[in-house]
Structures are given as C-alpha cells and as structure tokens.
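>>> quick one, what's the 3D model for this:
(3 chains)
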Amino acid sequence: MMDSVAQSAWEGFRLVASWPNILYPIAGTFMAMAVAFLPGISGATLMALMIPLTLSWEPLPVVLLYGGLVGGATFMGSITAILFNVPGTGPSAATLLDGYPMAQQGRARTAIGCAAISSAGGSTIGIGVLIALVPLMRQAILAFGPPELLVLMVWGLATMAVVSRGSFTRALIAMGLGLLLAFVGRDPRTAELRFTFNTMYLWDGVGLVPVVLGLFSIAEVTNLGVAGRHTVSGRTRADQLTGSAVDGARAVLQHFGLFVRSSLIGTVVGIIPGVGGTVASFLAYGHAVQTSRDRDGFGRGDIRGVIAPEAAHDAKDGGALVPVLAFGIPGSEGTAVLMAALLLHGIVPGRALMNEQLPLVFVIIWSLFLSNWLTSIAGLLLVNPLSRLTTLRMDVLAPLIMALAAIGAFVYRQRIEDVGLAFLFGGIGYLMKKHGWPRIPLVVALLLGGGIELNLHITSQLHGLGRLDLWHRPVFMAIGLLTLASLALPFAQEIRSSLTGRRP
Amino acid sequence: MVSRRYVLAGLGAAAAAAAAAGLRHRPSSLRGTTPCGAVAGRSIRWIVPNAPGGGYDTETRMLEPFLERALGAGIAVENLPGAGGIIGARAIAAARPDGLTLGVIGMPGLLLAALAGTAGAPDPVRAFSILARLGRSWHIWATGGSSPLKTLDDVLREGSRRALVFAVNEIGSANIASIAVTAELLGQRVELVAGFGGTRAASMAALRGDVDLVCFDFETIRELVEGGDLRPVLQVSAAPIAPHPSLNRVALLGGADGAAERQAALHGRSIADARGLAEALFAVMGSGRLAVAPAGLDAGLFDCLSNTLYGVLAGPGAQAATTRPLDTARGGEALADVRRASAEAPALLPILGDAMRRVRR
Amino acid sequence: MTRDRENLLLTAAFAVVTAAAVVASAGLSPVSRRAPLAVAVPTLALLALEIAGQISGARAGRRLRNLGIPGIASYVVAGRTKDEAAPPANGAGRRLELAMLGWACVLLASTCALGMAAGLPAFVYLYLRLQSGKPRRVAAGVAAGLWGVLYVVFVLALRIELFEGYLIPWAVRR
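Modelled structure (predicted):
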C-alpha cells in the first residue's frame, strides 16, 4: 500500500509541477490574494464563484486552480488582522490577539514574517499528516464522534477561561455571556426559537464574524480615535519600525515545539468534519498560553500568540481534505465547494477516488501545498510595503477600517443587520476594553457554545439509549484526560509555588 | 464663467449617482436570441437560499451560463441563507414582479413551515409565480455499511423489539416529516437524535453504528451509498427513485405492494388510510425545488420566462452540467403539484405534532 | 459620569441581559431551556458578586473576586491590567467618545440610506473632511479609491451584490 501511495504522490507532484499545469495554482493563489484582503471573502466564496467559469474545463486544471484559491485566501485574512485588527476570516481572529499589538509596537514586519512562515510550515505539517494518514483516513475520521467533539470543545473553552488575563470572575462572566449568545436562534433539537424576539434575523443565531469585527476591530478603531493615537504603530516613518521578517522566521524556529504542536492541533481539528479553522486557531492559541511559563506577554504582542494560530489555521487545510477524500464528507466550507466542483467534473470523492485515482488526490494535496508556500513567499516579499501601512495616519485609516469592517460584516451573510450588530458590539467591546473586561472568553464561548450544547445532548441521548460505551472510546478518554490535566495544571503550579514560596 | 467649484460639484454629484447605480452587476455582451423583452440586456437577481457551496447554490451556478444565454440577461446570484430557506423565499416573494428577481426555493420545507404556522414563512401557493421545477428530492432510509440491519425486514424485526434510532440534522426539517410519517405507516417507534451538523455528519453516526438509520435525499448521500458506507433499506416513494443498482430490490414505501399497505393490516390501519397518508407524504416531498418569481408577474412575461427556463432545464446541456439529475416540469405542472401538496399536507399535521411534542419533553 | 460609575452601569447591563435570558427561558420546553438556565443562573450570581465588589470598594472587591479559593490568586487581578489603558477620563476623552459614537451612527445611516456603494464612500468623505480636517481633494480621492476597490472586487471580480440601501430603490420606485 505504501508503495502505491509513494508512487501516486510522485505522480501527483509531477502533474502539478509540469508546464503549463503549474500556472493554475499560481493563478489561483494570486487571484485569491488580490480579493481576499477584504473581510468576509473566503476561499469558499471564490471557489463557488468560479464554478460557472470552469464548467467546460478538464478536471485537472480545476483541481489545480481550486487548491490555489484555498491557500491564497487564508493568509490574506491574517494580514488585515495584524495590520488593522480586522480579521479577514473567522480563523484570523485569533491572530489579531497578539499580531495587532505587535503592529502597534512597530513590529508589523516581524508579525507578518512570523505568520508567513508559520502558515506555510503549518500547512506542510498538515499535508504531511494527510499523506501519512492516506492508508488510515477512514479510521481516523470514524474515531471522532459527538463525545470526542464534546470534550475537544470543552477543552477549548476551559482553557480560555483559565488563561485569560485579569479577573477570573470577569472571564467566567464573559464566557457566560458568550454562551448565552451562542444559544440564540433556532434550537435544532426542538425547532424552538430561543431569544429571537420574534425577528427572523436571529433565527440562525448571532454571527461570529460581526461580533469579532465589533469587539476587536471597531472597538480598537474607537479606542485609537479617543486615545488620540496618530498611527497604528505610533511611528510616522517606515525607518522607525523595528523588527524584520527574518526575526519572525527565526521566532518560529525558537519556538519550534509550539509550532509543531499547534500544527498538529490544526490538522486534527481539520480532520473532524464541520468544526472549522476558527476552532483550530483558538484551540492552538489557548494551548500556547497554557503551556507557557511566562504568560504575561500574551495579548500584548507575544510572538507565540501569532505562531500558534497561524500554524493551526493552515495545517487545518490539510486535515480538512481527509474526510473529503475518504468519505466525500466536507471537512470545512472550502472543501464543501471543492467537493461540488469535483462532482461536477465527474470526480466522485470517497472510496472510489482513493482506490482508483490516488494520483489525482495528490494533485489536490500538492496544489494546496504550493499555494500555501506561494502566499507566504509573496507575503514575505511584500512585508515592507505592508508594514508601512502601520505608519499611515489614523485619521485617514480610521474611516477606512470602519468601512472595511462594515463590508466584512455584510458579506458574511448578506444581511445588513449584521453591520448594525458589528457596531453594537463595537461599542460593547470598547467599554469592555476600557474597564478591564476580557473579550476573548466571550468570543470563544460564542464560537464553541452551540457545538458543546448539541454534542452534549447527542452524547447523553445516545448514552441513555445504550448506543455509546464511553469507557471504550480511546480518543474520548485521551482528550478528556488532556482537558482535566490542562485545567488542573495552572492550579497545581500555583499551589506548588505557594508551597515553595516561589512565583511560577 | 462657471466656477470650477460648481463644475466639480456637478461632476461629483453625477459620479455619486453613477456610483450607486454602477455597482449593480451588468452582463457582459451576450449572443443568442432574447425572447423575454422585459429582461433582455438587464441583470437578473437570482436568489439562492443557501450559502455559497450549498446544494441549490452549486446547481444554480452550474446552470448560470445556460440561463444567461437563453434569457439574454446577466444572472447575479445572491446568496440569502437562513431560517431553513425562509429568508431567501421571503426576499423573492417581497420583490417587485418585474422579472428581474428570480430564485430557487425548496417547496417541501415551505409547505411544512406553513403547516406548522411558522411566523414569517411566505404562502407557498400564493406568494410565488412558479416558473419551472428543477428537480425533486426523494428520501431513502439507510443503515450503516457494517450494520446487521441489511433489509427492511431486518429493520422491522428490530423495530418490533425497540425504538429505531435515527440521526437527524434538525427537528423541523423536511426529513423529519419523512421519518415520522413513514414510521407511522410502518408501525414503528423511532427515537430522533437531532443536532448533527449536516447530512454527512449524521451519516457518519450511522457508519459508526451510533445510530440505526438515517433518512436523507438519495442524491445527497449517493456517494456514500455507492461506496458501500450506507445501505438503502427503504425508498420513501411510490416508484423507484432512480435507475441505480444500489436501489434494485430495495423496498418501496408506496404503491400497491408497498411497505405501507403491507404493514397497514398488521397495525390496525385500513389500506385506504395508509394509501392516503402515503400519498400526502409523497405529494409534499415531491413538490420539489422550484424556480420562481414573485407573485403578480405579467402574464406575457410569465409565459416567456417559464417557457425559456423549462427549455434550458430540459435541454441536454443543463442535464449534462449538473451533478444532480434534473426532474424537470413546466411551471403549470409544478403549480398543480404544489396545490395538491398544499391540500393534502394537513393530513400529516397530527403525526408531526406528536413527533415534535416527544422531542421537546 | 465617572469611570467607576460607567463600569457599574456596564456590569448592570450585563446583569439585565442575563436576567432577561433567565426569564425568556421559562417559556421554552425542558430540552431547550436546560442549557441557557444552566449558564444564566451562575452567570447572574457572578454578576451579583461583581456588582457588590464594585459598590463596596476596591479592596473588598478583590477579596470577593478572589472567591476565597486557594491557588487561584494569580489569576485574579483587581480592575484593569496595565496595557488595557483607558483613554483620558477628562472632558476631551468623553467628547471624543461621543464623536466616535456619532460617526458610527453616520456610517450606519448613510449605508442604510444610500447603500454600501455610495454610503460608505460618502461616510469616508465626511469623516475625512469634518473629523480629520483633510482637504477636499484628499477626502474625495480616498472616497473615490474606496468606491473603485468596491467596484473592481465586488462587481467585476466577484459579482457579489452589495447592500443597495433603502432610499435609492424607494426613489426609483416612485
């Protein structure tokens, strides 16, 4: 089996690297980069729009192009998160937590360089795991059911509560508010409408993207305006900026263990259908904080807060291909569209594809790999002009950032109400920042709350029906123990330090 | 002499007006006949009640080039997901009936929303001008590939001992009606485990053996069936759903020798009752996904759009372009189906109400 | 309004929202109300503690927020952390806050009225002229640039319809 995998991998690589095939992923990458700097424009949107234009193409160029579109869009969302605190996509929201403070400190070049290398490297690890899993794809996916999803999400939530800076009580309150927001909308278990105030707008719940845009982007623009800060970085000339892309790349090597662990987190989350890149990014971020001895820098421009989410975010793309290729089940929104495009061209994802067209599988994989590296290289080449944007005057940038945020909020679901929601949370976010309330637990709770409730319900219902034996589900037990350990670790450290009289 | 300031102001005002108008999509130059005068050369807003990449969205984008050519107009696809398709349907119903706003709706979902009295759901019969039917979604009951339940008889035998466990996405969706009514006809108790994140996630639960069965549109899970990951045990229809090898010898719910009538006597129901209930279910589920415009379309424009759309859908190009088979029909035939379904749907209400009460306990 | 009073008002607003969730949950079925109540009730209790702490003063507040649980002290800090620095509490700061609130309203109003295509460039133009004091040429240039980006990306490249506003369609209909 491994011989045929290796052979197919080489055949796929040859197909991608040959002329003129190589042009397609390159074109896809740059097309995605050109438009994806606008918030809300994701790889999935671009791919959906390309469907009618590629109807008459042969399958191979379609697959090559789509790999490029996915890779190109991802990185651009991180650029706007770092430079302007405006996440281009949901997963980029975790990058802004430390990326933007780095830009504020004049270290945008380091942040972008770090993001570029982390994302390319993370994608490499994700694809490496994907290739290694080719013989085991089906078992890998079947290992993750509702109980496993439940403990994974609880781990993410609990981690955020414990590692939030500031008051623990306020972190819990923020988390509670985020969970209540997550419960808004139609309950899929009973079809009842919860907290919708008879409006159809809230049927599908409170959108994550408008809330993040409000709590971070709009709140930050307001804060900068009120504080009278002249530029994002506090510098007015490019030669006053510090750091470099090389510093950013070096940081990834310095924190290599964190980088690898974050990539693996992203890959694993990507494998689980329907969980998404945003969860991967925040889980990795929480893991980074929790496993660090010196946590005070997080949220204030700690480069580890860029390495972790970026590595996880791009590693997820490799993982998200696993359910598509093994079962024809989309692992993410982007892979859902990819699947539709494959079906359209007569390529049926699933067992048939894995058994009969393995080289084509590797064409997809290599195309994605190439695209991720292309975007990172382009990002590195553009790091100087991009970082110069942080020396632009805020009195010019502020209205543009507000306009960008409004566009991003609207494009998310094509609802003008989301723009209003974003600005409402902009006001709330500003006040929360002003008075020392943490915002991250609220966002993470909003992200994970719905999934936790549903998976808890499914798990308890199936267990009650005698369909689940939780003690014989190794992945569930492993993640559950990890959750307990990560919850106990900070307290254990604190108790140890009080006993020995030393600070951790 | 006119001051420079006023010239610039005038230009600016003109530019602003052009800006607002200019950001609507304009079609590129189009060849071919342009039979529907009111829309020729214009931009048609085509509303899809899914996010990009969702089922109706992909199908629409595949058909887009054919529609543009036939209508002589540009198609601007607008995704309006939410509220189970009701947001998109409302937007179509509320638009001006000038032929410049069209869209696709899933009629079974709307019929059931109307039946449930869902606030804000448009009237499925009166709110739209039905131009054509794109296709119909027929459901199957399927077990996991490694499940010991391989046929309907196995399922019924197991069901006589305990409740059958189904994985479903969302209570209130059309496949809940399919499960509840079918189970009633077969005299089976069911437990609905809801909250799975999509058709595929629910199918995985069956694969894993966490649940007994899933009930979904055959075309949506075709790949899993072909791969042997899911095994069809029942076709929720009166006739074979598709000429597909995996459906050979799979029991039918309806029809003269269907499971509904065979089970009727066993569970104290008359054959006429069983037949009536089954036909009500098939009428609702078979009302299909429809291309529609707002109600009140001018008669001439309606005829033109309806004939043009049907011509595209029934043509070989569209059939080859889409991944789902197009089970097309003209607007008039589709409207007759919808009216029949709307008249028969109330027969399902007691069963659906009972199912909802049980899940909310 | 003093900063402390503003913080208290914010906390009270959170408490009102949480209490409303408790009340609204009462009308739901047992399955649907379980999770909201399980979250809202403890959150309300924590909010009560927080409010009590704010009212009774900083030192008492620290003790309450510490919850008296050993080992948790390092995660509990009273008030803001160092870099969550607040803007100046003087009149100038308050005026700027109200100005930013006003501009947010202008953005929303212009978008709703004129749509995104015209409303956002109009907002940018007005902000640059009135708030930032930029010359007309600069303001118009930046606004035109934004319009250009919207046109190229959304109309030409993506063919995504932006929100068209309420005023222009109404005027066209008439």
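>>> going forward, measure contacts between C-alpha atoms and count neighbours the same way
OK.
>>> quick one, strands of the chain?
I went with chain A, as the question did not name one. Counting by DSSP state E, chain A has strands at residues A:185-186, A:193-194.
>>> looking at chain B here, not the other one
In chain B, the strands defined using DSSP E lie at B:43-48, B:74-79, B:101-106, B:128-135, B:139-144, B:164-168, B:190-194, B:213-217, B:230-236, B:251-252, B:289-294, B:329-330.
>>> mean neighbour count, mean pLDDT and distance to A:Arg235 added to the strands of chain A, as CSV?
CSV is the format used below for the strands of chain A (neighbours: other C-alpha atoms under 10 Å in any protein chain shown; pLDDT from 0 to 100; distance: least, C-alpha to C-alpha, whole Å):
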stretch, mean neighbour count, mean pLDDT, distance to A:Arg235
strand A:185-186, 23, 90, 45
strand A:193-194, 23, 92, 48
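>>> take the ones you listed and lay them out in a markdown table including distance to A:Pro147.
Listed next are the strands of chain A as a markdown table, based on distance: least, C-alpha to C-alpha, whole Å:
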| stretch | distance to A:Pro147 |
| --- | --- |
| strand A:185-186 | 22 |
| strand A:193-194 | 25 |
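>>> can you pull up the most central residue in the chain?
You didn't say which chain, so I picked chain A. Nearest residue to the geometric centre of chain A (C-alpha atoms, centre = their mean): A:Pro91, 2.6 Å.
>>> that answer is for a different chain, and I need it for chain B
Taking C-alpha atoms, centre = their mean as the criterion, B:Gly106 is the residue nearest the geometric centre of chain B, at 3.2 Å.
>>> tell me how far the spatially closest residue to that one that is not a sequence neighbour lies from chain C.
Nearest residue to B:Gly106 in three dimensions, chain neighbours excluded: B:Arg289, at 4.4 Å (C-alpha to C-alpha, 6 or more residues apart in numbering or on different chains). B:Arg289 sits at a distance of 23 Å from chain C (criterion: C-alpha to the nearest C-alpha, to the nearest Å).
>>> wait, what's in contact with B:Arg289?
Contact analysis of B:Arg289 by C-alpha atoms under 8 Å, 6 or more residues apart in numbering or on different chains lists B:Val104, B:Ile105, B:Gly106, B:Met107, B:Arg133, B:Leu134, B:Gly135, B:Arg136, B:Ser137.
>>> switch to 10 Å and redo it
B:Arg289 makes contacts with B:56, B:104-109, B:132-137, B:326-328, B:334, as judged by C-alpha atoms under 10 Å, 6 or more residues apart in numbering or on different chains.
>>> of those, grab the buried ones for ChimeraX.
Selecting only the buried entries of the contacts of B:Arg289 in ChimeraX, with 16 or more other C-alpha atoms under 10 Å in any protein chain shown as the criterion:
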select /B:56,104,105,106,107,108,109,132,133,134,135,136,137,326,328,334
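>>> for C:Phe7, phi and psi?
In this structure residue C:7 is Asn, not Phe. The phi and psi values for C:Asn7, taken as degrees, to the nearest 10, are phi -60, psi -40.
>>> number of nearby residues for the residue in the stretch 151-300 of chain B that chain A sits nearest to?
As assessed by C-alpha to the nearest C-alpha, chain A sits closest to B:Glu170 within the stretch 151-300 of chain B, at 4.4 Å. Neighbourhood size, B:Glu170 [other C-alpha atoms under 10 Å in any protein chain shown]: 24.
>>> who's the closest spatial neighbour of it, skipping the chain neighbours?
A:Pro188 (4.4 Å).
>>> also B:Gly255?
B:Ala238 (4.8 Å).
>>> please apply the same query to A:Asp302.
A:Asp98 (5.8 Å).
>>> okay, now the unreliable bits of chain C?
Scanning chain C with the threshold set as pLDDT under 70 gives C:1, C:58-91, C:173-174.
>>> what residues does it put near chain B?
Chain C comes close to chain B at residues C:28-32, C:114-119, C:121-122, C:140, C:144, C:147-148, C:150-152, C:154-156, C:158-165, C:168, C:173, as judged by C-alpha under 10 Å from any C-alpha of the partner chain.
>>> show me these that map onto helices.
Among the residues of chain C next to chain B, DSSP state H puts C:30-32, C:114-119, C:121-122, C:140, C:144, C:147-148, C:150, C:168, C:173 in helices.
>>> before we move on, the earlier item: the residue nearest to B:Gly106 bridge partners, please.
Beta-bridge partners recorded for B:Arg289 (DSSP bridges): B:Gly106, B:Gly135.
>>> am I right that C:Leu49 is in contact with C:Ala12?
No. C:Leu49 is beyond contact range of C:Ala12, at 11.4 Å (criterion: C-alpha atoms under 10 Å).
>>> tell me the confidence at B:Val284?
Here the pLDDT value assigned to B:Val284 is 94.
>>> for the closest residue to it other than its chain neighbours, give its distance to chain C.
Distances taken as C-alpha to C-alpha, 6+ apart place B:Ala341 nearest to B:Val284, at 4.9 Å, with adjacent residues excluded. From B:Ala341 over to chain C the distance is 30 Å, taken as C-alpha to the nearest C-alpha.
>>> swap in A:Arg388?
In terms of C-alpha to the nearest C-alpha, A:Arg388 sits 17 Å off from chain C.
>>> list the contacts for that residue?
A:Leu83, A:Gly106, A:Ala108, A:Arg109, A:Ser233, A:Arg235, A:Thr236, A:Arg237, A:Ala238, A:Asp239, A:Leu241.
>>> assess the claim that the last one and A:Val383 are in contact.
It stands for A:Leu241. No. Between A:Leu241 and A:Val383 there is no contact under C-alpha under 10 Å: 11.9 Å.
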